[in-house]
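Undergrad: starting from these lines, generate the structure:
(one chain, ligands or ions: 2)
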Amino acid sequence: MGAPRLMVVKIGSSTLVDEHGALDRGFIRSLCDQVSALVARGTRVVVVSSGAAAAGRDLLGFAERPSDIATLQACASAGQASLTQAYADVLAERGIPCGQVLLTRRDVMDRDGFLNARTTLNRLLELGAVPVVNENDTVSTAEFAFGDNDMLGALVAALVGADLYVICSDVDGLYTANPQENPDAKLIEQVSEVDHALSAMAGGSGTSYGTGGMSSKLRAARAMLAAGIPTVICRGRRGGVLLDVAGGATIGTRFEAPPGSAHEGGRKLWIGLAEVPRGTIALDGGATRAVLERGASILPVGVVSTSGGYAAGDVVNVRADSGDIIGRGIARYSSEDMARVRGIKLDVIARFLGEERAQPAIHRDDLLVF
Ligand SMILES: Nc1ncnc2c1ncn2[C@@H]1O[C@H](COP(=O)(O)OP(=O)(O)O)[C@@H](O)[C@H]1O
Ligand SMILES: N[C@@H](CCC(=O)OP(=O)(O)O)C(=O)O
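TA: Ligands and ions are numbered 1, 2, ... in the order given. Model (predicted):
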């Protein structure tokens with residue numbers, strides 16, 4: 001394996017703060033040393049850094065995590081300035097400029113916003129700068145927020161076409177159970193598919209700084225498997241971890257699809273990563289197998305139920321007969337119509353609604369299977 005061409009590195013809040021909850025500038029220095037060594041070797045690096053709310057909490061004098069959204073947003077605002085400045089100062093000492101990029105899901109939901117974000121990130125990289133990305137917490141509402149930066153990092157990795165996504169956390173990787181609660185938990189080194197059993201192993205956050213815990217990292221890794229971007233979850237504070245992971249060392253948990261597997265690109269990734277699902281359709285066993293084994297479209301006859309209120313053209317989650325969410329796609333019926341046509345064959349729908357309106361529930365071209 002050669003050196004990565006373009007690497008996205010996500011740093012979690014719990015890794016960025018010291019034992020008193022303040023931004024750990026010594027750690028940011030060691031991180032930037034590694035980024036600078038990677039840049040010198042010809043690897044372009046994007047940093048997705050959490051920690052704004054954690055840093056702001058310290059600056060605004062909160063000993064505990066505030067529970068209301070407005071105070072958390074205020075903390076993120078106060079913390080964001082010093083967070084970016086900390087990276088900018090250290091990178092500048094190493095002759096590397098940095099650019100702050102703050103995104104919300106809403107910004108990249110429409111194609112123009114998606115392309116604008118991509119153009120800016122690519123231009124920063126061409127100019128030799130390191131983009132430092134975070135969610136724009138001031139304007140992100142629950143509906144549009146990425147909520148945790150693991151998925152934002154995945155989106156950025158897909159946006160810039162990274163060949164490695166590294167999620168740095170306060171734990172060595174994915175364990176068979178939360179190692180903070182279960183001392184017998186074992187580290188899983190290699191994953192080629194995120195199935196129901198694996199998802200069940202991942203729990204929530206272990207600190208009051210982190211958001212999403214291992215389950216959000218696993219969702220992000222699953223999207224990266226679909227995109228064909230190798231992903232590593234590792235401990236950010238392990239000395240030289242970025243250089244070792246970039247060099248191909250076996251560290252943490254590595255998610256990589258088997259060689260020769262098909263990968264999704266452009267539009268489908270955008271549907272799967274950027275869009276906000278407005279509802280869910282649940283499939284029967286036959287439709288689940290058709291989707292997973294043959295990459296088929298989802299026909300109304302294989303839909304057993306629908307939830308949420310959506311219009312034709314909105315993105316919905318797809319639930320397998322096992323109960324797992326296995327993908328996301330654009331519904332060709334509104335939720336009301338989906339409830340009427342579910343379980344019915346296309347020729348029967350055509351007889352009642354006309355040939356033109358007898359459509360798949362989700363066409364394969366509009367469906368990202370995780
Ligand atoms: N199966 C698991 N393997 C590893 N960590 C797990 C697992 N389930 C839950 N966790 C928790 O997830 C935490 C990491 O997520 P989080 O606190 O959100 O950190 P970050 O700030 O890096 O995003 C770990 O410290 C651990 O407590
Ligand atoms: N935008 C938030 C990120 C929150 C978040 O995802 O935190 P984490 O789970 O530690 O990566 C912040 O900077 O505080």
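
Undergrad: need the nearest residue in space to S36, chain neighbours excluded.
TA: Leaving aside its chain neighbours, S36 sits nearest to R94 (4.1 Å; criterion: C-beta to C-beta, 6 or more residues apart in numbering). Every C-beta, even on glycine, is put in place using the N, C-alpha and C of the backbone.

Undergrad: wait, that neighbour touches R29, no?
TA: No: using C-beta atoms under 8 Å as the test, R94 is too far from R29 to be in contact (9.9 Å).

Undergrad: OK, contacts around the residue nearest to S36?
TA: R94 sits next to C32, D33, S36 when contact means C-beta atoms under 8 Å, 6 or more residues apart in numbering.

Undergrad: nearest to ligand 1 among those?
TA: C32 (18.2 Å; C-beta to the nearest ligand atom).

Undergrad: give me the phi and psi for that closest one.
TA: phi -70, psi -30 (degrees, to the nearest 10).

Undergrad: any idea how far L102 is from it?
TA: C32 is 20 Å from L102, where distance means C-beta to C-beta, to the nearest Å.

Undergrad: and the stretch 151-300 of the chain, which residues reach ligand 1?
TA: 169-171, 174-175, 177-180, 201-203, 205-207, 210-214 (C-beta under 6 Å from any ligand atom).

Undergrad: now the helices for this protein?
TA: 13-16, 25-40, 52-59, 69-93, 105-109, 111-126, 149-160, 196-201, 213-227, 241-246, 266-273, 285-294, 335-341, 346-353 (DSSP state H).

Undergrad: just name the most buried of those helices.
TA: helix 149-160 (a mean of 27; mean count of other C-beta atoms under 10 Å).

Undergrad: so for S322, what's the pLDDT?
TA: pLDDT recorded at S322 is 88.

Undergrad: measure it to G252 for me?
TA: From S322 to G252 the distance is 27 Å (C-beta to C-beta).

Undergrad: who's more crowded, those two?
TA: Neighbour totals were compared for S322 and G252, and G252 leads with 26 against 11 (other C-beta atoms under 10 Å).

Undergrad: need phi/psi at the more buried one.
TA: Residue torsions, per degrees, to the nearest 10, at G252 are phi 60, psi -150.

Undergrad: shouldn't it be in contact with G236?
TA: No: using C-beta under 8 Å, G252 is not in contact with G236, being 10.0 Å away.

Undergrad: related to what we said a few turns ago, just give me the closest of the contacts of R94 to T288.
TA: Lowest distance from T288 to these (C-beta to C-beta) belongs to C32, with 46.1 Å.

Undergrad: check the gap between that closest one and ligand 2 for me.
TA: As judged by C-beta to the nearest ligand atom, to the nearest Å, C32 and ligand 2 stand 18 Å apart.

Undergrad: thought that residue was touching A88?
TA: No: applying C-beta under 8 Å as the test, C32 and A88 come out as separate, 9.8 Å apart.

Undergrad: thinking again about what came up before, which one of the contacts of R94 sits closest to G279?
TA: C32 (43.2 Å).

Undergrad: apart from its chain neighbours, what residue comes closest to that closest one?
TA: Closest to C32 by C-beta to C-beta, 6+ apart is V90, at 4.2 Å.

Undergrad: over to C168?
TA: Closest to C168 by C-beta to C-beta, 6+ apart is G236, at 3.0 Å.

Undergrad: would you mind measuring from the one you found to ligand 2?
TA: Taking C-beta to the nearest ligand atom, one finds G236 at 10 Å from ligand 2.

Undergrad: next, count neighbours for that residue.
TA: Residues lying near G236 (other C-beta under 10 Å) number 23.

Undergrad: make a markdown table from the helices of the chain and add mean pLDDT to it.
TA: Below are the helices of the chain laid out as a markdown table (pLDDT from 0 to 100):
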| stretch | mean pLDDT |
| --- | --- |
| helix 13-16 | 92 |
| helix 25-40 | 97 |
| helix 52-59 | 92 |
| helix 69-93 | 94 |
| helix 105-109 | 77 |
| helix 111-126 | 92 |
| helix 149-160 | 91 |
| helix 196-201 | 85 |
| helix 213-227 | 89 |
| helix 241-246 | 97 |
| helix 266-273 | 74 |
| helix 285-294 | 93 |
| helix 335-341 | 96 |
| helix 346-353 | 91 |
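
Undergrad: in TSV: these, plus distance to N317.
TA: Output for these, formatted as TSV (distance: least, C-beta to C-beta, whole Å):
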stretch	distance to N317
helix 13-16	27
helix 25-40	35
helix 52-59	27
helix 69-93	24
helix 105-109	15
helix 111-126	20
helix 149-160	14
helix 196-201	14
helix 213-227	12
helix 241-246	31
helix 266-273	10
helix 285-294	13
helix 335-341	13
helix 346-353	23
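
Undergrad: check contacts around the residue most central in space within the chain.
TA: Centroid check for the chain by C-alpha atoms, centre = their mean gives M151 as the closest residue, at 1.7 Å. Counting by C-beta under 8 Å, 6+ apart, M151 makes contact with S216, R219, A220, A223, L273.

Undergrad: which one of these is nearest to A282?
TA: The shortest approach to A282 among the contacts of M151 belongs to R219, at 18.6 Å (C-beta to C-beta).

Undergrad: what comes up buried for stretch 159-168?
TA: The neighbour-count criterion (16 or more other C-beta atoms under 10 Å) identifies L159, V160, A162, D163, L164, Y165, V166, I167, C168 as the buried residues of stretch 159-168.
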